[in-house]
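> Got a sequence here, can you build the structure:
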Amino acid sequence: MISQSSTVTSTPTTYFGGPDKSKNLLRDVLINHIEAVPANGNISWLCYYLNDPVILQALIDSSERGVNITLILDGQPRSPGINQACIDLFSQSDNCSIKLTVIRNKPMWEYLGIHWHPHMHSKLYYFSHPTPRVLAGSYNPTAGEEHTDETSLGKIGDHSISHNVLVTIDDQDATDYLHSYIAGMQDNWHRRFARFSTKHNTAFHTQKCTIDFLPRFSKHPVNTLLSKSDSNASVKCAISHFKGPCILKPLKIALKAGKKIELLLESSQRRVPGKYSAFLDNHSIKYYQPGLKKNCLMHSKFILYKSDQEHCVMFGSFNWSTRSWLLNHEVIVCSHDKNVVAAFEQRWHQMTTQKQDKTP
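A predicted model of the protein is given here:
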C-alpha cells in the first residue's frame, strides 16, 4: 500500500515521481488504483513500456477477482525487448478477462525511403472505480534496478526513481473521451489513419481542460500555445527529449513575441544533442540540466504558461522531437485547474532549485 498522501481520491490529484520522492511512488499509485477496482469493473491502459513484475502481478490478481482488463502496448518501442515479458505473459494466458493488443506500426512513408515507424507513445491509465478516472502523464510502468539488468536500464532509465508525473482526470466528459480513445486504439485502421481523423485534428474542451491527440495535420498544440500574442507571458518547459529541426520553431516564435522562456532538460547527449543546447546558448535562453545519478532521468513533459490572459499547464506523453511531433501517437492535456497548475509550479521550483542551472 502507498502513503496516505497518494491514496485514491475523488478530486483531481497530481502525483510526481523523482529522486527526491519515495522510490516507486508512481508504480504504487497505479497499484492502489488497480486494487480499488471491484469485480466486473474495468481497467484499460495504453502503454509504451510495461514490464514491472509488481504491476503485472497486480493486474493478474485483479483479473482473477473478476476485473476486465484491456492492455494496448507498443510492440516496437526503442528497446523492444523491454515489453517482451508482458507480451509473452498475456499472449499465452488463458485468462479471458485480460485482453492484450500489441501495436506494430509500419512506416508511413517507406516508399520515400523514410523508414521511421510511429510509436504508440501515449500513457493513459483508465479505471472504472471507485469513480471513472484516467491517469495521464509521462510515467512508464517499468521495472527498477532490482528487477532489470544494467543494459536495459541504460537504454530506458530507471523509472522507479526518475522525474515523472501522473495527473488524475475525473471529469466525466474528459474521462469518457479518453476511454473511447483507448478503445479505438485497438483498431488498426484507426491507428494507421489517425492523422486524418476529426478526433486527432480537433481539440476536445471541458470546463477545466483541453485534450489533443497526435499525429495530426492541424497545428501542433505546443505551437498554438507558444504563438499566442501574450508578449508578457512566462513559459517554463520540462523537456526530456529535445531534438529535431521542427522543435525550434515554437521557441523562435515565442522569443520573437517577447516571451520569457526557461527550460528544464534531460542531461544526456542522446536526448539533448549538443547543437540544440548551443541554440539555447546563442539565443540567451535559460535552461537547467539536472546532474542526476546513474539511470535517473528527467522524464517529465510539461509546459507552464502564465500571462495576464491565461494561466495553465500542458502535460502528457509528448517529446520535443521529430518523431513525437510528426509520427507518434501522443496525448496532450492542457489544464486550467488552479490546483493542478499550482502543483506543477511547486514541482518546477523543486526540480530547478535542487539542481545547478546553466545560464548563457
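
> what about the stretch 251-360 of the chain, any weak spots by pLDDT?
In the predicted model, the stretch 251-360 of the chain carries pLDDT under 70 at residues 355-360.

> packing partners for the longest helix along the chain?
When the chain is parsed with DSSP state H, its longest helix is helix 338-353. Here helix 338-353 touches strand 14-17, strand 164-169, strand 234-239, strand 260-265, strand 302-306, strand 311-316, going by 3 or more CB pairs under 8 Å, 6 or more residues apart in numbering; DSSP states H and E. Backbone N, C-alpha and C define where each C-beta goes, glycine included.

> So what touches it?
11-12, 14, 16, 18, 20, 163, 165, 167, 236, 238, 262, 264, 288, 290, 298, 300, 302, 304, 311-313, 315, 335 (CB atoms under 8 Å, 6 or more residues apart in numbering).

> Next, work out how far apart the closest residue to Thr322 other than its chain neighbours and Asp187 are.
Using CB to CB, 6 or more residues apart in numbering and skipping residues adjacent in sequence, the residue nearest Thr322 is Gly244, 3.3 Å away. Noted for Gly244: a distance of 29 Å to Asp187, by CB to CB, to the nearest Å.

> more neighbours, the two?
Gly244 (17 against 10; other CB atoms under 10 Å).

> all helices of this protein, in order?
According to DSSP H, the helices that the chain contains are 25-35, 53-64, 84-91, 150-156, 172-184, 188-192, 198-201, 221-226, 248-256, 274-282, 322-326, 338-353.

> out of those, nearest to Ile211?
helix 172-184 (6.3 Å; CB to CB).

> helices or strands up against that closest one?
Short answer (3+ CB pairs under 8 Å, 6+ apart): helix 172-184 packs on strand 42-47, strand 68-74, strand 124-127, strand 133-137, strand 209-214.

> Of the helices and strands packed on helix 338-353, flag the one that's most buried.
strand 164-169 (a mean of 25; mean count of other CB atoms under 10 Å).

> What angle do strand 302-306 and that strand make with each other?
70 degrees (axes from the mean of the first three to the mean of the last three CA atoms, to 10 degrees).

> To Asp61, which of the helices and strands packed on helix 338-353 lies closest?
With distances scored as CB to CB, the stretch of those nearest to Asp61 is strand 164-169 (21.1 Å).

> Paired strands for the closest one, with orientation please.
strand 14-17 (antiparallel), strand 133-137 (antiparallel) (DSSP bridges).

> Let me see the mean pLDDT of the first one.
When the per-residue pLDDT values of strand 14-17 are averaged, the result is 96.

> who's in contact with the residue lying closest to Asn232 once chain neighbours are set aside?
Nearest residue to Asn232, sequence neighbours excluded (CB to CB, 6+ apart): Ser307, at 5.9 Å. By CB under 8 Å, 6+ apart, the contact set of Ser307 is 228, 230, 232-234.

> Mind giving me the PyMOL command for buried ones among those residues?
Entered in PyMOL, the line below selects the buried ones among these, by 16 or more other CB atoms under 10 Å:
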select buried, resi 228+230+233
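
> Mind putting the contacts of Ser307 into CSV with distance to His147 and pLDDT?
Converted to CSV, the contacts of Ser307 look like this (distance: CB to CB, whole Å; pLDDT from 0 to 100):
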residue, distance to His147, pLDDT
Lys228, 44, 90
Asp230, 46, 84
Asn232, 48, 85
Ala233, 43, 92
Ser234, 41, 95
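
> Throw the strands paired with strand 164-169 into a markdown table and include distance to His329, thanks.
As requested, the strands paired with strand 164-169 are exported to a markdown table (distance: least, CB to CB, whole Å):
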| stretch | distance to His329 |
| --- | --- |
| strand 14-17 | 23 |
| strand 133-137 | 13 |
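
> Out of the helices of the chain, which is closest to Ala143?
Here helix 53-64 is closest among the helices of the chain (CB to CB), at 6.2 Å.

> got the angle between the closest one and helix 25-35?
Going by the same axes, to 10 degrees, helix 53-64 makes 10 degrees with helix 25-35.

> Poorly predicted segments of the stretch 101-250 of the chain, please.
Short version for the stretch 101-250 of the chain, where the test is pLDDT under 70: 107-115, 189.

> Next, count neighbours for Gln350.
15.

> what mean pLDDT would you report for stretch 60-69?
Stretch 60-69 comes out at a mean pLDDT of 94.

> List the buried residues in that stretch.
Neighbour-count burial for stretch 60-69, counted by 16+ other CB under 10 Å, picks out 60, 62-63, 67-69.

> From the chain's centroid, how far away is that stretch?
Put simply, stretch 60-69 sits 25 Å off its chain's centre (CA atoms, centre = their mean, to the nearest Å).

> do the same with stretch 154-171
Centre-to-centre, stretch 154-171 and its host chain are 7 Å apart (CA atoms, centre = their mean).

> Equivalent analysis for stretch 79-96, please.
Stretch 79-96 has its C-alpha centroid displaced from the chain centroid by 22 Å (CA atoms, centre = their mean).

> Mind exporting the C-alpha coordinates of that stretch to CSV?
Taking C-alpha atoms only, stretch 79-96 is exported to CSV below (Å, rounded to 0.1, in the frame of the first residue of the first chain):
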residue,chain,number,x,y,z
SER,A,79,14.0,-1.1,-26.8
PRO,A,80,11.5,-3.8,-27.9
GLY,A,81,12.9,-6.4,-25.5
ILE,A,82,11.5,-4.4,-22.6
ASN,A,83,7.9,-5.3,-23.4
GLN,A,84,8.5,-8.9,-24.4
ALA,A,85,7.9,-10.4,-20.9
CYS,A,86,4.5,-8.7,-20.8
ILE,A,87,3.6,-9.8,-24.3
ASP,A,88,4.6,-13.4,-23.5
LEU,A,89,2.7,-13.4,-20.2
PHE,A,90,-0.6,-12.2,-21.5
SER,A,91,-0.5,-13.6,-25.1
GLN,A,92,-0.2,-17.1,-23.7
SER,A,93,-2.7,-16.6,-20.9
ASP,A,94,-6.0,-18.5,-20.8
ASN,A,95,-7.5,-15.7,-18.8
CYS,A,96,-10.2,-14.2,-21.0
